[in-house]
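S.K.: Requesting a structural model of the entry that follows:
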Amino acid sequence: MTRAFPFSAIVGQDQMKLAMILTAIDPKLGGVLVFGDRGTGKSTAVRSLAALLPEIEAVRGCPVNSPSIAQRPEWADVPDDAPLVTRPTPVVDLPLGATEDRVTGALDIERALVSGEKAFQPGLLAQANRGYLYIDEVNLLEDHIVDLLLDVAQSGENVVEREGLSIRHPARFVLVGSGNPEEGELRPQLLDRFGLSVEVRSPDDVEERVEVVQRRDAYETNPNRFLKKWDRADKEVRTAILTARDALDSIKVRKAELRKCAELCIALGADGLRGELTLLRGCRALAGYEGAAAITREHISRIAPLALTHRLRRDPMDEAGSGVRVSRVVEEVLG
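M.R.: Got it, this is the predicted structure:
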C-alpha cells in the first residue's frame, strides 16, 4: 500500500502544519479546527502527520488499541496471551451521516440475536483511540454529535449507558475538524472547545500553485522515489516532535509571560480561561519544538492567532476579521 503524501512536502499552509505539529506534541491542546477552501490539503495534512509519527504498540485484536494486556477493556474479547504488535497511528474518518451509535458504539444486535449474548460493538471512538479522529465538513455535523465528540475528546473516556449496557473505554485522540465557512458556521460554544483554529486559502501565487501541482504529480507518478526524496525532512520533523514531547514538563513559564497571556485575552474579550490555558499549552509545545528552555513573548505572538482567533465575540462595529483583530491586539500588548 502506498504511504501517505510526505508531511514536509506540503507546499505552504505553514499555520496549518504548525497547528498539527503542536497537537502531536501535546494532544491535550484540544484538537484543531481548519476552515477554508476545498482542495487546500486539510485531510492530506492529517494523514501525512499521522504517517510521519512512530508506529504505536498495541495488543493484537484489541478494539481500542490498548498498549498492554493489563489495560485492555474487560468487555473486549481478547485472550490473555495476545501479543503486542506495531501498527500505524490510527486516523479515523467520521462521515457526516454517522449516528450516535456508530460513533460511540452500541449493542451488537447480530450477536444478541444469534447467540443471545449481550455484547458491545465498538464505534469510531474506539478505533480512534491513541490516534486522530478527522471530521470533514464539521460545520454540517449535527450539534449533539459535535458536543459528544468534544466532551469525549476532553475527558479521554467514552461512556455508553444504554440498552442495558454500561461500558467505558479510553478514547484519547486528537480531534481535527475541517469545513468551508460559506456552507455554515459552528456555534460559538463549540468553537471555543477546539484548542486551535486555522484558516487556509488557495494559494494566489502562480509559482506556489505550480509547485503544488508538480509535487503532487511527482508523488502520483513515482511514489517510492518521491517518498525517498522527502524521507529525511520528515524524519527531522518526527525527531523534533518526539524531543519536544520529552521536554514539555521542563520548559519554564515565567509569571511575566503568564501576565501577557492574560492581558491578551482580556483585551480581546475572550470568555472564560480556556484561551489562556490553550495559549500556554501551545507556547510550551512550540518552545519544546524549537528547543527553547522557556516560553518567550515571541512564542506568545505566534501562538495567539491559533489559540484565540476563534474565541472572539463578534463586534458589529469592527469590520476587520478575527485574525486581524488578534494581530492588532498582539502588537498593542506585546509591542
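S.K.: and the lengthiest helix in the chain, what does it pack onto?
M.R.: Ordering each helix of the chain by length in residues (DSSP state H) puts helix 223-247 first. In terms of contacts (3 or more CB pairs under 8 Å, 6 or more residues apart in numbering; DSSP states H and E), helix 223-247 is packed against helix 14-25, helix 42-52, helix 206-221, helix 274-289. C-betas here are computed from N, CA, C, even on glycine.
S.K.: could these go into CSV alongside mean pLDDT, distance to Cys62 and mean neighbour count?
M.R.: Output for the helices and strands packed on helix 223-247, formatted as CSV (pLDDT from 0 to 100; distance: least, CB to CB, whole Å; neighbours: other CB atoms under 10 Å):
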stretch, mean pLDDT, distance to Cys62, mean neighbour count
helix 14-25, 91, 23, 22
helix 42-52, 85, 19, 22
helix 206-221, 90, 33, 13
helix 274-289, 91, 29, 24
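S.K.: Which one, of these, ends up nearest to Pro83?
M.R.: For Pro83, the closest of the helices and strands packed on helix 223-247 is helix 42-52, at 23.4 Å, according to CB to CB.
S.K.: list the helices and strands the closest one packs on?
M.R.: Using 3+ CB pairs under 8 Å, 6+ apart, helix 42-52 is in contact with helix 14-25, strand 32-36, strand 91-93, strand 131-136, strand 173-179, helix 223-247.
S.K.: After it, heading C-terminal, what element do we hit next?
M.R.: Downstream of helix 42-52, the first helix or strand assigned by DSSP states H and E is strand 56-59.
S.K.: check contacts around the nearest residue to Ser202 once chain neighbours are set aside.
M.R.: Among residues not flanking Ser202 along the chain, Asp37 sits closest, at 4.8 Å (CB to CB, 6 or more residues apart in numbering). The neighbourhood of Asp37, defined by CB atoms under 8 Å, 6 or more residues apart in numbering, consists of 180, 200-202.
S.K.: Can you say which of those are buried?
M.R.: Taking 16 or more other CB atoms under 10 Å as the criterion, what is buried in the contacts of Asp37 is Val200.
S.K.: Pick the one among the contacts of Asp37 closest to Trp230.
M.R.: The nearest one, if we look at the contacts of Asp37 relative to Trp230 and count by CB to CB, is Val200, at 20.7 Å.
S.K.: Would you confirm that the closest one contacts Lys42?
M.R.: Yes: in this structure Val200 lies within contact range of Lys42 using CB atoms under 8 Å: 6.8 Å.
S.K.: shared neighbours of the two, anything?
M.R.: What both Val200 and Lys42 touch, as defined by CB under 8 Å, 6+ apart, is the set 16, 34, 36.
S.K.: For the protein, which element, helix or strand, carries the lowest mean pLDDT?
M.R.: Sorting the helices and strands of the chain by mean pLDDT, DSSP states H and E puts helix 109-115 at the bottom, at a mean of 63.
S.K.: Which helix or strand lies directly C-terminal to that helix?
M.R.: With DSSP H and E, the next secondary element past helix 109-115 is strand 120-122.
S.K.: Okay, now the sheet partners of that following strand, with direction.
M.R.: strand 105-107 (antiparallel) (DSSP bridges).
S.K.: How about residues contacting the strand it pairs with?
M.R.: 118-123, 125-126, 158, 160, 162-165, 167.
S.K.: pretty sure Leu268 is touching Val324, no?
M.R.: No: if you go by CB under 8 Å, Leu268 and Val324 don't touch, sitting 11.9 Å apart.
S.K.: Counting neighbours, go ahead and name the busier of those two.
M.R.: Leu268 (21 against 13; other CB atoms under 10 Å).
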